[in-house]
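Visitor: What follows is a predicted structure for the sequence shown.
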Amino acid sequence: MESVDKHVVWHHARINRVQRAALNGHRSAILWFTGLSGAGKSTLAHAVEERLYQLGCRTFVLDGDNVRQGLCADLGFSDQDRRENIRRIAEVAKLMLEAGIITLTAFISPFQVERLQARQLVAANDFIEIYCSCDLAVCEQRDTKGLYQKARQGEIKWFTGISSPYEVPLHPDLIVETGRDSLEDCVDRVMEFLAVRGVIELPTTRSLTDEYRRF
């Protein structure tokens with residue numbers, strides 16, 4: 001039997017990203033928030049989305065817990081399942097990128113190779129890896145679900161930071177100190193970075209640090 005792949009051809013839409021960007025008033029992009037459980041990925045992603053919404057941007061947040069209730073409901077937390085989870089999310093984010101949406105993904109995504117594969121699905125300027133830096137001790141203090149405690153007691157297998165590794169990004173596009181800085185300050189940093197990368201235009205021009213200028 002012939003492979004089905006031989007009969008599958010990508011269909012090019014009549015409306016492209018440039019046209020959608022002109023309609024939306026902004027570029028589409030993938031904001032890939034990564035960090036330990038409790039580092040503030042989802043909180044920051046949703047806060048950034050709210051700020052973008054106030055500017056009239058078209059956005060959507062792909063949240064780890066939400067996705068596992070549908071698209072990835074069949075996956076567990078083994079290394080293999082985590083890789084498949086990230087692969088699916090990356091493909092969805094790519095489709096949303098083509099749809100003209102600023103997509104914010106909030107996943108632990110613990111492995112460097114999977115984050116790199118997600119990045120390589122799209123053009124370099126379309127993928128923004130944002131590392132939410134937060135000490136493990138702070139993440140444990142924030143853990144209202146008691147997941148870290150259960151992991152330390154052996155009740156949860158393959159828990160990132162305890163019984164499964166988290167590989168800190170080597171060259172993230174942006175680092176936000178979510179364990180130290182206020183949520184508002186972290187949102188400001190992300191918004192300024194998006195302006196520097198040409199994804200959005202801010203209503204007022206703020207001074208940019210040398211750290212931003214290198215991009």
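Guide: Thanks, I have it. Fair warning: this is a prediction, and the values are worked out from it, not measured in the lab.
Visitor: May I ask which helix or strand encompasses Ala22?
Guide: Secondary-structure assignment from DSSP states H and E places Ala22 in helix 17-24.
Visitor: any idea of the mean pLDDT in that helix?
Guide: Per-residue pLDDT over helix 17-24 has a mean of 88.
Visitor: Alpha carbons of the helix or strand just after it, as CSV, please.
Guide: Later in the chain than helix 17-24, the nearest helix or strand by DSSP H and E is strand 29-34. Below are the C-alpha coordinates for strand 29-34, written out as CSV (Å, rounded to 0.1, in the frame of the first residue of the first chain):
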residue,chain,number,x,y,z
ALA,A,29,4.1,36.0,16.2
ILE,A,30,4.5,33.1,18.6
LEU,A,31,5.4,34.0,22.2
TRP,A,32,6.7,30.8,23.8
PHE,A,33,6.7,31.2,27.6
THR,A,34,8.8,28.5,29.3
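Visitor: Just checking: what are the partner strands of strand 29-34?
Guide: Looking at strand 29-34 with DSSP bridges, its partner strands are strand 102-106 (parallel), strand 127-132 (parallel).
Visitor: Residues touching the first one, excluding its own?
Guide: Outside strand 102-106, the residues within contact range by CB atoms under 8 Å, 6 or more residues apart in numbering are 26-33, 41-42, 44-46, 48-49, 52, 57-64, 89, 93, 96-97, 199-200. (Each C-beta comes from the backbone N, C-alpha and C, glycine too.)
Visitor: make it 6 Å
Guide: With CB atoms under 6 Å, 6 or more residues apart in numbering as the test, strand 102-106 has contacts from 28-33, 41-42, 45, 49, 57, 59-64, 89, 93, 96.
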